[in-house]
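Participant: Sequence first, predicted model second:
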Amino acid sequence: MKLRTILSDDEPLALDVLRLLLQAEPDVDIVAECSNGFETVTAILEKKPDVLFLDIRMPDLDGFGVIQTVGVSRMPVTVFVTAFDQYALRAFEAHALDYLLKPFDPSRFRDTLERVRKQVRQQSSVIEQKLESLLQTTDKHPAALERLVIKESGRIYFVKTDEIDWVEASGSYVTLHCGRQKHLLHQTLTRLEEQLDTSKFVRIHRSTIVNIERIKELKPHFNGEYFIFLSNGARLKLSRSYKDRAKRIFGEL
């Protein structure tokens, strides 16, 4: 079995060294090389690799942002490529995620690759749990997503979160309402809420999140509920269950 592998690093020299080391391994097939986080997200979704060598510090979207954007359930076995501090390294070790320090040590690389082979043979749920734990505990957890990855009609593209007017839940999917456009995203509303910037978005109903900047007016409805009118004319409902969250925008209701 060939290990289908993606390399992701914004340093060309690091990519060159990794490529040389991996090309010497007969069971490794490099299916993509990426120089930033967004390229990496697209490559993971398109190529569906077994293994990812992922630089942590990259511009715009770092390694943790890649994991969060792709979603842990769709991540391959991941080896962090880093010159990271010792605290982060201990976190990786605690969750049995592997890493390579720059500059690469050939002996360490061989040990890492052997562990990768074992991890690929493990059940995917084990890998998901490790990545989830890492995102929850590391100090480098990204504050909020700035873009979302949409897979639609055989293509993959990004939607900036600033373009979203409001979000509507639909089972295990959400619909992003962006002006006259709608985008379907395979993600629960609760999971998306965790990733959005709370200074820009607020949940107002079990099935609705709204961009605060788009809110134009609030009118009482009945039974303690309110209608929220957006600048584009859309009307949404603020339910009693979510009034407490809305207080930070509207004050006491």
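Facilitator: Alright, I've got the coordinates.
Participant: Point out where the stretch 51-200 of the chain drops to low pLDDT.
Facilitator: Regions of the stretch 51-200 of the chain meeting the criterion pLDDT under 70 cover residues 83-97, 123-128, 136-143.
Participant: try 50 this time
Facilitator: The model of the stretch 51-200 of the chain has pLDDT under 50 over residues 87, 141.
Participant: Can you show me the strands along it?
Facilitator: All strands of the stretch 51-200 of the chain, identified by DSSP state E, counting those that start in this stretch, fall at 51-55, 77-82, 98-101, 147-152, 155-160, 166-170, 173-178, 181-185.
Participant: Ranking the ones you listed by mean neighbour count, which comes first?
Facilitator: Using mean count of other Cβ atoms under 10 Å, the stretch among the strands of the stretch 51-200 of the chain with the greatest mean number of neighbours is strand 51-55 (a mean of 27). All C-beta spots, glycine's among them, are computed from the backbone N, C-alpha and C.
Participant: partners of that strand, with directions?
Facilitator: When pairing is defined by DSSP bridges, strand 51-55 lines up against strand 3-8 (parallel), strand 77-82 (parallel).
Participant: For the first one, give the mean pLDDT please.
Facilitator: Throughout strand 3-8, pLDDT has a mean value of 95.
Participant: Contacts for that strand next, please.
Facilitator: Contacts with strand 3-8, where a contact means Cβ atoms under 8 Å, 6 or more residues apart in numbering, come from 15, 18-19, 22, 25, 27-35, 37, 39-40, 43-44, 47-55, 58, 63, 66, 76, 81, 116-117, 120.
Participant: Next secondary structure after that strand?
Facilitator: Read in the C-terminal direction, the helix or strand following strand 3-8 is helix 12-23, with elements assigned using DSSP states H and E.
Participant: Could I get the buried residue list for that following helix?
Facilitator: 14-15, 17-18, 21-22 (16 or more other Cβ atoms under 10 Å).
Participant: what packs against it?
Facilitator: Packed against helix 12-23 by the contact rule (3 or more Cβ pairs under 8 Å, 6 or more residues apart in numbering; DSSP states H and E) you find strand 3-8, strand 28-34, strand 51-55.
Participant: Generate CSV for those strands, with distance to Asp165 as supplementary columns.
Facilitator: Output for these, formatted as CSV (distance: least, Cβ to Cβ, whole Å):
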stretch, distance to Asp165
strand 3-8, 32
strand 28-34, 31
strand 51-55, 33
